[in-house]
Structures are given as C-alpha cells and as structure tokens.
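**Student:** Sequence and predicted structure are below.
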Amino acid sequence: MSEPIRITKAPTLKKKPKDSELGFGIIFTDHMFVANFQEEKGWYDPRVEPYAPIPLDPAAAVLHYAQAVFDGLKAFRGVDGKLRLFRPQKHVERLNNSARRMCIPPLDPELALQSIVTVVQTDGEWVPRMLGTSLYIRPTIIASEAFLGVRPARSYVYFVILSPVGAYYPEGMAPVKIRVEERYVRAVEGGLGGAKTGANYAASLMAGEEAKHQGFTQVLWLDGVHRRYIDEVGTMNIMVKIGDEVITPPLTGTVLPGVTRDSVLTLLRDWGLRASERQVGIDEVMAAHRAGTLTEVWGTGTAAVISPVGELAYKGETMVINGGKIGPLTQRLYDAIVGIQYGQAPDPHGWTLEV
C-alpha cells in the first residue's frame, strides 16, 4: 500500500492531565491512526483522525472468535526534549508475527512503522515531561467481517491509539510477591502463547485475580504439560539469577518474545555476563534458594521495564529473594534501559528512533 497517510485534525482538543496525575491506560489522546483491509483490496485508506469509537457490526468476527492481535510500545520525552520510540521496528515485527499466527493479513512493515510515527507526531504534545512517564502506544488489528462461520475473516481494521502513562512505580521500584500457579495453565507448546492476542490475557485473568485476593501481585506460570518448568510471570517474561548464570525460558511458542527480554539479554552479553535461554524447573529454583545461590529474580516487559521479585510462594513454601530487596543486577539493568529510553545514556545498538 503506497497511499499517503491523510490527516484529519480534531476540531477541539482535550484538556491534558498533569504528569503527576497519570495512571496507566485510562486517558487517551486526541487522535488515532486507522487503516482498513478487504480481501480484494489489501490494506487501504491509511489515516489519522480524531479519537472516536470504531463502528462494528454485532456479527463482527472479533466479537465471536477473538480474531485480534495487538502490541504495546512507548514514546519517551528525553532529557534533551526530543521524542524517542524504543525499538519500534521490533514491535512491528512482533505484531506481524502475531497476526500470522491468528490468520490475520500482516501489515507492510514500513506502513506500520509510519503509522506509529505519524500519530505520535500528531499528538506529540501529549508525551508527558516528567522522568518515568511516557506515551503508551497500542497498535491493534481486529477482524471486522460480519459473519458467524468459523474461518479467518476477510476484512479487518488496524488502529493505533495513544495513552499518556505515569511512572509504573510511583513510590519507587519495589520487589513484588509472586505465587507460583499450580492449577491453571496459560499456554502450551503449539498454542497461542507466543502471539500477543487477547485470548492469552483472558486465559490469565482467573489465576491473577485469585493471587491478588491472597495478597500476591501476580502469578508465575508453569509449563502446561509437565507443570515443572517456569514460563512467564503475569504478563512479563521472567529471569532468574542462579550463581553466575542468568536464566530465562526459551522461545518455544509458549512465552511472548518480549522486546525488553531481548534488550536485557543483549545488555547482559555486552557486559560479559552468562545469560542462558533454557528450561528451568521450579524445583531447580527452589533448590538454588535453599542452597543460597538464587540471588535475584525479575520480570521484564514494556510497562515496568524491570520488575524485581522479592518473594516466590510455591507448595506452602515462601522463598524470600535477596532479603526482599532489589538486587544489584536488577537495578543496573533497569537504569541502563531507562537511560537509553530518556536519552541520558548512549544508544550503541540504535534502539531508539527520534520522531
């Protein structure tokens, strides 16, 4: 699709919130990007228009068979005042991989990148200024064809919406309490675990709610077959440091290929540290804790960047990690990525894109 992106500005602009009052994903900007797909035309009519509801037929495929994918990335206002996206090409690649898994026609990568850049430029004044805040970007594709047969839809809507968000840790980065999930399963090999699709998140809700009622922040998922190997923590990738080795589960289709996960592995290897992508059993983690070699555990993801884990609870046993405090490597990784995102540190891998 080589059509130019047409821009229709909103006649009136919303009042922008104070940086100190921002939450996550509850306030939306003035504009959105939209494009449509029909089988006979491909993707067409790329446009920026005022933020508004999307009209959908009650029989739209997305409402019945959950044929939808999305991604999430951020724009940051650097200490130099410039706006930067963090690894947007990687997010476009993941969005298209998710789309293929859900039988959704992929986007032209250049158009997808340009859609994000254009709508962020249009609403650039919405990128908050306080360190730790950012503009969350949600590209989404939904099946819009009205039919009740079970097959891939023949028409789709792609849209990108923006939401100014506050610091994930307004009180400072604090280690979280995690319950190892024994009853429910998030994904199995051959399933949807490696795609960023709504069905994965719907499958995780019950376990997450039960954990919260028990005083935990989230759950650590185990693999769906053996119930032995660690998978993901909540909606984040998980990493454990045992001895001098950092271990994270491999990308075998059950965990999301996190962009922050990839960034952390790159940094660890840059620093000459041992980083392994391999299966690690919960029993191995417990044995390491008893032996005193489990020194740090953290989650990685776009929202929080790095989320330190202070406690893991499994089969009635509570493992307190690093005295319930943030570990030095956890902190170093967080500082390194945030430094690049806000233009405070060099960007040797070219991860940021100025807009």
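**Tutor:** Noted; the coordinates are in hand.
**Student:** roughly how far apart are the residue nearest to T235 when sequence neighbours are not counted and A275?
**Tutor:** Distance criterion C-beta to C-beta, 6 or more residues apart in numbering; nearest residue to T235, sequence neighbours excluded, is G301 at 6.4 Å. For every residue, glycine as well, the C-beta is placed using N, CA and C. G301 sits 17 Å away from A275, going by C-beta to C-beta, to the nearest Å.
**Student:** In terms of neighbours, single out the busier of those two.
**Tutor:** G301 (21 against 17; other C-beta atoms under 10 Å).
**Student:** OK, contacts around the more buried one?
**Tutor:** 235-237, 258, 260, 307 (C-beta atoms under 8 Å, 6 or more residues apart in numbering).
**Student:** Could you tell me which of those belong to strands?
**Tutor:** Within those, residues falling in strands by DSSP state E are 237, 307.
**Student:** Most neighbours of all the contacts of G301, which one?
**Tutor:** S307 (26 neighbours).
**Student:** can you pull up the bridge partners for that residue?
**Tutor:** Beta-bridge partners for S307, by DSSP bridges, are G299.
**Student:** burial measure for V305, as a count.
**Tutor:** Applying other C-beta under 10 Å, we find 25 residues neighbouring V305.
**Student:** Pretty sure G42 sits against P105.
**Tutor:** Yes - the pair G42 and P105 qualifies as a contact (C-beta atoms under 8 Å) at a distance of 7.5 Å.
**Student:** ok, those two, which is more surrounded?
**Tutor:** The neighbour comparison of G42 against P105 (other C-beta under 10 Å) goes to P105, with 18 against 11.
**Student:** Not counting residues beside it along the chain, what's closest to the more buried one?
**Tutor:** According to C-beta to C-beta, 6+ apart, the nearest residue to P105 is F37 (5.8 Å).
**Student:** wouldn't that neighbour be in contact with W43 here?
**Tutor:** Yes - checked against C-beta under 8 Å, the pair F37 and W43 is within contact range at 5.0 Å.
**Student:** ok, which stretches of the stretch 151-300 of the chain are strands?
**Tutor:** Here the stretch 151-300 of the chain has its strands, by DSSP state E, counting those that start in this stretch, at 155-165, 176-180, 218-222, 230-233, 237-242, 245-248, 274-277, 294-301.
**Student:** TSV please, covering these and showing mean pLDDT and distance to G23.
**Tutor:** Shown next, in TSV, are the strands of the stretch 151-300 of the chain (pLDDT from 0 to 100; distance: least, C-beta to C-beta, whole Å):
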stretch	mean pLDDT	distance to G23
strand 155-165	98	7
strand 176-180	95	18
strand 218-222	95	18
strand 230-233	94	22
strand 237-242	98	24
strand 245-248	98	29
strand 274-277	98	33
strand 294-301	96	17
